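In: Sequence and predicted structure are below.
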Amino acid sequence: MKRSKTNSRFLQIINPAKSPIFYGYIILLVGTIGVYFSIPGQTIGVSVFTDPVKDALGLTRNQFSNAYMIGTILSSLTIGRAGVWFDKYGAIIVAFGAAVLLGITVLLCSVSTILSESLATLLNSPSWWIPFGVMIVLFYLLRFSGQGVLTMASRNVIMIWFDAHRGKVNMFTSIALSFGFSSSPLWINYLIEGHGWQQAWQFMGIALLCFSILILLFYKNKPEDHGLHPDGKQSSKPRQQTASVNTYKQFTLKEAKQTRAFWVYGLMLAFNSFFITGLTFHVISIFTTQGYEKEDAIAIFLPASVISVCTSTLFNWLSDKLQLKTLLHLMQFGGIICSIGFLILDSKVGVLLLIIGFGLMGGLFAVLNTVTWPRFYGRDFLGAITSRVMSFLILGSALAPSLFSLCYSYLGSYNPIGYLGLAFVSFLVVASIHAKNPQ
């Protein structure tokens, strides 16, 4: 395969076969860090920059949200190709390219006002379309390389190095990322307030370029490439003893799309991406319309992250033995109470339900988005399958900011989003009745 050609002498500086511990645990560590470094391309990393950047560029909230939506939709249309690259060339090359592209893009974001002013001078036009177009391109690159490719490659390489213990190792990743992502708005805001939004992006861009070197050194495509086996075992036990987590058929993307489970699980994960993205992007506006202060809005993330971590820890540990449909139904329950809480947010009960639903969905998302696909469809075409699911997630996150904003701008309330959430999740509850593991 072409993947083996990527193993240059430089990439062989660290030999997994000579590691004193199973190298999969090193992959677990660096892969988790890889997902964390995607924060500049995630909504939670972009949202902190919303107000200072839109004001500097002279864009309204709707214009900025629409630029984010268009750029993200475009990235969802091209992320599938990255999955094919992952299956063909492996995690090293794909993750390295994504980290470099994300780093360069973040550096370009730091000079977005200069780029816009230069284009306005060149075109002799002060129109708002120029900074709007610049942000579309930058958002496309941020979302494609960050939320899309770097996240997909880093998660997949961890799952490839483990089989029977995927849930347990994903527990570590989920805990680390839950606290890491939930705390990221705090340190990003600290950088912005202390050094300005331009320099904050510059710090992040330089860090990403440095991390790309670690990807070349430590990421390894498959354990079999180095004479190793997933989980670090030599397959001494009969295969039937781990039948609940091993796969017998390696599904192609086309075959996976013909199963109900692919769509039901994928769409539920996409709903989580949609709802949480919209809530995160407009959280201050949503809460202030209900009479709360800015601090009250930001405060929901900590308890939600605690619930998310507890949920993901428990069910990652149990997922190696539980049917994933049980976890799917729990996630759907989280979506329903989250939507109800959103509708009655003016009460303390509403805030509590929103936090609990937020946490449940986030915790189970961390389990299902990682464990489902290799268990249901195998490892051979994991990149193509997960990148298609990733396109659902990116599309959901693309539509959310603008739909939330449009609801408030034209209907005077965010409540229609809550009704939409209740209807969509209820539909998925019915559709999931026959969504079985295709294995």
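Out: Okay, I see it.
In: any idea of the pLDDT on residue 61?
Out: With respect to pLDDT, residue 61 scores 79.
In: Would you mind listing the residues in contact with it?
Out: For residue 61, the contacting residues are 50, 54, 285, 405, by CB atoms under 8 Å, 6 or more residues apart in numbering. Every C-beta, even on glycine, is put in place using the N, C-alpha and C of the backbone.
In: low pLDDT regions in the stretch 101-250 of the chain?
Out: Residue ranges of the stretch 101-250 of the chain with pLDDT under 70: 233-247.
In: my guess is residue 343 meets residue 416, correct?
Out: No - proximity of residue 343 to residue 416 does not meet the contact threshold set by CB atoms under 8 Å, at 9.7 Å.
In: tell me which strands and helices the one helix or strand residue 341 maps to is in contact with?
Out: With secondary structure defined by DSSP states H and E, residue 341 is part of helix 324-343. The contact analysis (3 or more CB pairs under 8 Å, 6 or more residues apart in numbering; DSSP states H and E) places helix 324-343 against helix 260-281, helix 301-319, helix 348-377, helix 415-431.
In: May I see the ones you listed organised as JSON lines, with mean neighbour count added?
Out: As requested, the helices and strands packed on helix 324-343 are arranged in JSON lines below (neighbours: other CB atoms under 10 Å):
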{"stretch": "helix 260-281", "mean neighbour count": "24"}
{"stretch": "helix 301-319", "mean neighbour count": "21"}
{"stretch": "helix 348-377", "mean neighbour count": "23"}
{"stretch": "helix 415-431", "mean neighbour count": "17"}
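In: For residue 85, find the nearest of those.
Out: Within those, the stretch nearest residue 85 is helix 348-377; the backing value is 17.0 Å (CB to CB).
In: Moving C-terminal from that closest one, which element do we reach first?
Out: Criterion used, DSSP H and E; the element after helix 348-377 is helix 382-411.
In: and the angle for that next one with helix 260-281?
Out: For helix 382-411 against helix 260-281, the angle between stretch directions is 50 degrees (axes from the mean of the first three to the mean of the last three CA atoms, to 10 degrees).
In: Who are the packing partners of helix 382-411?
Out: Using 3+ CB pairs under 8 Å, 6+ apart as the contact criterion, the secondary-structure elements in contact with helix 382-411 are helix 61-89, helix 151-160, helix 253-257, helix 260-281, helix 348-377, helix 415-431.
In: Compare these and say which comes out lowest on pLDDT.
Out: The stretch with the lowest mean pLDDT among the helices and strands packed on helix 382-411 is helix 61-89, at a mean of 87.
In: How far off centre is the next helix or strand after that one?
Out: Past helix 61-89, further along toward the C-terminus, the next helix or strand under DSSP H and E is helix 91-109. Using CA atoms, centre = their mean, to the nearest Å, the mean C-alpha position of helix 91-109 is found 16 Å from that of the whole chain.
In: got the buried residues for helix 91-109?
Out: Residues of helix 91-109 classed as buried by neighbour count (16 or more other CB atoms under 10 Å): 91-103, 105-109.
In: Same question for stretch 292-299.
Out: The neighbour-count check on stretch 292-299 (16+ other CB under 10 Å) flags 292, 297 as buried.
In: What are the contacting residues of it?
Out: Residues beyond stretch 292-299 that count as contacts (CB under 8 Å, 6+ apart) turn out to be 185, 283-284, 286-288.
In: any idea which of these is the one closest to residue 370?
Out: Proximity of these to residue 370 (CB to CB) peaks at residue 185, which lies at 23.2 Å.
In: and the helix holding residue 341, average pLDDT?
Out: Taken as a whole, helix 324-343 has a mean pLDDT of 93.
In: What residues sit buried inside it?
Out: 324-325, 327-343.
In: Equivalent analysis for stretch 432-439, please.
Out: 432, 435, 438-439.
In: any residues touching that stretch, and which ones?
Out: Outside of stretch 432-439, the residues within contact range by CB under 8 Å, 6+ apart are 247-249, 251, 256, 259-261, 264-265, 268, 323-325, 328-329, 332, 375-377.
In: what's the distance between residue 177 and residue 349?
Out: Computed as CB to CB, to the nearest Å, the residue 177 to residue 349 distance reads 29 Å.
In: if you skip the residues just before and after it, what's nearest to residue 43?
Out: Nearest residue to residue 43, sequence neighbours excluded (CB to CB, 6 or more residues apart in numbering): residue 277, at 4.6 Å.
In: and if you look at residue 19?
Out: Counting by CB to CB, 6+ apart, the nearest residue to residue 19 once its immediate chain neighbours are dropped is residue 26, at 6.7 Å.
In: quick one, phi psi at that neighbour?
Out: Summarising the backbone geometry of residue 26 under the convention degrees, to the nearest 10, its torsions are phi -70, psi -40.
In: Tell me the buried residues in stretch 29-41?
Out: Applying a neighbour-count criterion of 16+ other CB under 10 Å, one finds 30-41 buried in stretch 29-41.
In: thinking residue 283 is in contact with residue 290, fair?
Out: No - between residue 283 and residue 290 there is no contact under CB under 8 Å: 11.3 Å.
In: between these two, which one's more packed in?
Out: When neighbours are counted by other CB atoms under 10 Å, residue 283 and residue 290 differ, and residue 283 comes out ahead with 19 against 15.
In: Give me the phi and psi for that one.
Out: Dihedral angles phi and psi of residue 283 (degrees, to the nearest 10) take the values phi -60, psi -40.
In: Which secondary structure element is home to the closest residue to it other than its chain neighbours?
Out: Excluding its sequence neighbours, the residue lying closest to residue 283 (CB to CB, 6+ apart) is residue 297, at 4.8 Å. Counting by DSSP H and E, the element that carries residue 297 is helix 294-299.
In: so how many other residues sit close to residue 17?
Out: Applying other CB under 10 Å, we find 10 residues neighbouring residue 17.
In: Chain neighbours aside, what residue packs nearest to it?
Out: What sits nearest to residue 17 in space, not counting adjacent residues and going by CB to CB, 6+ apart, is residue 226, at 4.7 Å.
In: do residue 364 as well
Out: residue 331 (3.9 Å).
In: Verify the stated contact: that neighbour with residue 268.
Out: Yes - in terms of CB under 8 Å, residue 331 counts as a neighbour of residue 268; the distance is 6.0 Å.
In: between the two, what contacts are shared?
Out: Residues within reach of residue 331 and of residue 268 at once, by CB under 8 Å, 6+ apart, are residue 368.
In: Hmm, residue 381 is touching residue 249, no?
Out: No - if you go by CB under 8 Å, residue 381 and residue 249 don't touch, sitting 10.9 Å apart.
In: Next, the angle from the helix holding residue 341 to helix 301-319.
Out: Going by the same axes, to 10 degrees, helix 324-343 makes 170 degrees with helix 301-319.
In: Between helix 415-431 and helix 324-343, find me the angle.
Out: On the basis of the same axes, to 10 degrees, helix 324-343 is oriented at 160 degrees to helix 415-431.
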